[in-house]
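Undergrad: give the three-dimensional model of this entry:
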Amino acid sequence: MKLVIGNKNYSSWSLRPWTLLRLAGIAFDEEKLSFVAPTFKRDVLARSPAGRVPILIDGELTVWDSLAIAEYVAEKFPDKMLWPADRADRAHARSICAEMHSGFTSVRTHMPMNVNAQLPGLGWNVSVQRDIDRIAAIWTGLRARHSATGPFLFGRFGVADAYYAPVVFRFNTYRPELPAAAREYVQNMLQTVALRAWSEAAAAENEWVPDDEPYRTKAG
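TA: The predicted structure follows:
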């Protein structure tokens, strides 16, 4: 399989399936298309009719949209147990992934993912705080229920953790106040091999995307 992604410093949607594959131990090739390349849109459209990353290519099959990719991978590799085994937990996991997929627009808008930046306190407003509180409540409740079986949201790693990985980076960049369980989850995720590798690669990109830099000016 090949996963087509955008810039690692900025592309939160790309991070989700990349983290899922990496932490699940599923082999894949990576193709990065730079957001700043003049041929970016043409190159993406050549791989997917949706014209957006991420894109998973598996032989003759193309899967686009991060949630569709997650479902495809979970179905193709059932032994990885990327959704919880318990039906109620599985429904819960799918619900919070769908909520992340379609919601939290204030956090997305005012705290864009920027792995390399440290911007504590920036991007905050009342609507952002409502999103932060909801995310923290999701994490706190799940960690209280599943802490005995592992450090991830449902104990063992799964799609839900991959889906909230961009929020982990956002909270590390903007440093909002979080309850203890949510802070611990952020730190645990940041120490995973996947997020460490992604962060190192993001730091090496040296590419500037103005639309994703509302709080900084380019130096030099």
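
Undergrad: and the helices in the protein?
TA: 12-24, 40-45, 66-76, 87-102, 105-110, 126-146, 159-174, 180-190, 193-203 (DSSP state H).

Undergrad: out of these, nearest to residue 116?
TA: Evaluated over the helices of the chain, closeness to residue 116 peaks at helix 193-203, with 5.5 Å, by CB to CB. No exception for glycine: its C-beta is placed from N, CA and C like everyone else's.

Undergrad: check contacts around residue 153.
TA: 93, 96, 138-139, 142-143, 146, 160-161, 164, 185 (CB atoms under 8 Å, 6 or more residues apart in numbering).

Undergrad: would you list the helices of the chain in JSON lines and tack on distance to residue 55 and mean neighbour count?
TA: Output for those, formatted as JSON lines (distance: least, CB to CB, whole Å; neighbours: other CB atoms under 10 Å):
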{"stretch": "helix 12-24", "distance to residue 55": "9", "mean neighbour count": "24"}
{"stretch": "helix 40-45", "distance to residue 55": "7", "mean neighbour count": "14"}
{"stretch": "helix 66-76", "distance to residue 55": "8", "mean neighbour count": "19"}
{"stretch": "helix 87-102", "distance to residue 55": "17", "mean neighbour count": "15"}
{"stretch": "helix 105-110", "distance to residue 55": "20", "mean neighbour count": "17"}
{"stretch": "helix 126-146", "distance to residue 55": "27", "mean neighbour count": "17"}
{"stretch": "helix 159-174", "distance to residue 55": "16", "mean neighbour count": "25"}
{"stretch": "helix 180-190", "distance to residue 55": "24", "mean neighbour count": "18"}
{"stretch": "helix 193-203", "distance to residue 55": "18", "mean neighbour count": "16"}
